[in-house]
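> Return a 3D structure for these sequence lines:
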Amino acid sequence: MAEDLFSRRLQNFAQYGDLLGFNLACVAEALDTIAHLNELNVGGEVVQERIGEFKEWDPEIFRVDKDCEDGYVRRLEERGQPTILLSEEAERVELNTSATGEPIYAVSDPFDGSYLFKRGIPDFWYTSLAFYSHEGKPLTAVVGDAVHGVMAFASDQGAYVGRLAGDRLEHVFALNAEYRRRMGRKVVQEIEEASVESYAMKPGSFLKPLVDEYAPLLYAFKFFLPNGGPYGFVDVAEGKIDVYFARQQPFVDVFPGLLIALQGETVVTDFSGGPVQFVPDVHTRFDVLVSTNRTLHDKVLEEIARCRGGGQE
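Next up is the predicted model:
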């Protein structure tokens with residue numbers, strides 16, 4: 001039955017293109033996996049632990065993480081294309097190495113929200129998969145919201161959001177400035193009136209460094225959402241949040257969702273105002289700033305420079 005459902009999804013999602021259709025089908029299946037584990041009240045058990053410095057703040061690997069990642073690996077192997085998987089649990093795996101053709105990168109955060117899932121808190125549960133060319137060009141990206149059954153996705157044709165309904169997507173909308181306007185989400189250009197999102201749920205590893213470095217800027221915002229990861233890019237593209245302030249976020253928390261913001265008519269730079277460069281190494285971290293408009297973005301960049309000691313008094 002699962003195979004039939006995956007095949008139907010491939011067929012129905014093909015309207016978005018071959019690779020994006022496959023990407024959507026994979027993430028939809030991961031959403032099924034999460035829902036199934038949650039229904040059985042399992043998935044929060046530790047099945048493995050990381051050894052070494054990679055994500056030393058979060059060494060436990062839960063079943064929900066591993067099952068989602070294993071599902072992605074299986075589908076990538078079935079596809080048969082040479083692929084280098086860069087993922088949170090597996091780190092780096094080369095798949096289909098005997099096949100011909102130039103490999104592409106598959107980048108995944110298989111399950112984001114493990115601590116919350118383990119404790120039965122139904123919020124901020126996400127799964128994501130994106131593809132990049134061998135030269136590092138973004139090709140497709142899909143981030144699934146496992147609580148609300150929503151998928152945000154992007155390719156060179158644009159960014160979109162839709163609700164998963166079995167083997168189909170319903171209520172699909174383009175993510176852009178017009179979408180945000182129709183949703184009644186005001187274009188906020190002053191920091192004091194804006195909302196900001198930045199990951200802060202791990203106090204020692206993320207909250208304290210964030211406040212230590214950028215307190216004057218953060219305190220100026222009207223509202224703070226302590227989440228992050230791939231869906232942070234979607235939150236800005238949807239206009240739910242005005243600024244995503246991703247300080248020193250891991251590779252797998254940035255590149256699975258980045259294309260959605262880039263194609264969603266938002267402003268995306270590093271903390272110096274330059275482009276965010278794809279570096280195919282799961283051990284790297286990145287400072288990324290995403291805003292709904294250029295005026296607000298530039299004001300945040302100015303405040304970042306001041307916090308770093310490089311701004312004008």
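> Mind naming the longest helix for the chain?
Secondary structure assigned by DSSP state H gives helix 18-39 as the longest helix of the chain.
> per-residue confidence averaged over that helix?
Average pLDDT, helix 18-39: 97.
> Off-centre distance for it?
15 Å (Cα atoms, centre = their mean, to the nearest Å).
> For the stretch 151-300 of the chain, which segments count as strands?
Remark: strands assigned in the stretch 151-300 of the chain by DSSP state E, counting those that start in this stretch are 158-165, 168-174, 195-197, 223-225, 243-250, 267-270, 285-291.
> who wins for proximity to Ala14 among these?
With distances scored as Cβ to Cβ, the stretch of these nearest to Ala14 is strand 168-174 (12.0 Å). Bear in mind the C-beta positions are built from the backbone N, C-alpha and C, glycine included.
> what does the closest one contact?
Asn12, Phe13, Leu24, Met151, Gly158, Ala159, Tyr160, Val161, Gly162, Arg163, Leu164, Tyr179 (Cβ atoms under 8 Å, 6 or more residues apart in numbering).
> Distance check, the fourth one against Ala165.
Meaning Met151. 11 Å (Cβ to Cβ, to the nearest Å).
> For Gln263, give me its contacts.
Ala154, Ser155, Asp156, Gly158, Ala159, Leu175.
> now for the residues you listed, which pair is the farthest apart?
Of all pairs in these, the most separated under Cβ to Cβ is Asp156 and Leu175 at 14.3 Å.
> re the thing from before, of the strands of the stretch 151-300 of the chain, flag the one that's most buried.
Mean neighbour counts were compared across the strands of the stretch 151-300 of the chain using mean count of other Cβ atoms under 10 Å; the top stretch is strand 243-250, at a mean of 24.
> hmm, which helix or strand of this protein has the shakiest average pLDDT?
strand 46-49 (a mean of 79; mean pLDDT, DSSP states H and E).
> How about the contacts made by Ser7?
So Ser7 contacts nothing (Cβ under 8 Å, 6+ apart).
> secondary structure element for it?
helix 2-13 (DSSP states H and E).
> Can you mark which positions in that helix are buried?
Phe6, Arg9, Leu10, Asn12, Phe13 (16 or more other Cβ atoms under 10 Å).
> For the third one, list the residues it contacts.
Residues touching Leu10, when contacts are defined by Cβ under 8 Å, 6+ apart, comprise Gly21, Phe22, Ala25.
> who wins for most neighbours among those residues?
Phe22 (25 neighbours; other Cβ atoms under 10 Å).
> Enumerate every residue touching that one.
Here Phe22 is in contact with Leu10, Phe13, Arg75, Arg79 (Cβ under 8 Å, 6+ apart).
> which of those residues sit farthest apart?
Top of the distance list for the contacts of Phe22 (Cβ to Cβ): Phe13 and Arg79, 13.9 Å.
> could you dump stretch 133-142 to CSV, C-alpha only?
In CSV, the C-alpha atoms belonging to stretch 133-142 read as follows (Å, rounded to 0.1, in the frame of the first residue of the first chain):
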residue,chain,number,x,y,z
SER,A,133,23.7,20.6,-8.3
HIS,A,134,27.3,19.4,-8.1
GLU,A,135,28.3,23.0,-8.5
GLY,A,136,26.1,24.0,-5.5
LYS,A,137,23.2,25.5,-7.4
PRO,A,138,19.9,25.1,-5.6
LEU,A,139,17.5,22.9,-7.6
THR,A,140,14.5,22.0,-5.4
ALA,A,141,13.5,22.2,-1.8
VAL,A,142,10.6,20.8,0.3
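> wait, isn't Asp235 in contact with Glu197?
Yes: if you go by Cβ atoms under 8 Å, Asp235 and Glu197 touch, sitting 5.8 Å apart.
> Which neighbours do these two have in common?
Leu225, Asn227, Ile241, Tyr244.
> Run through the residues that contact the second one.
Going by Cβ under 8 Å, 6+ apart, Asn227 touches Phe124, Glu197, Tyr199, Met201, Asp235.
> rewinding a little: Ala35: which of the contacts of Phe22 is nearest?
So of the contacts of Phe22, ranked by how close each gets to Ala35 (Cβ to Cβ), first place is Arg75, at 17.5 Å.
> who touches Val93 in this structure?
Val73, Ile84, Leu85, Ser87.
> bridging residues for it?
Applying DSSP bridges to Val93 gives these bridge partners: Leu85.
> Please tell me how far it sits from Glu77.
10 Å.
> one step back: need the max-distance pair from the contacts of Asn227.
For these, the farthest-apart pair by Cβ to Cβ is Met201 and Asp235; their separation is 15.1 Å.
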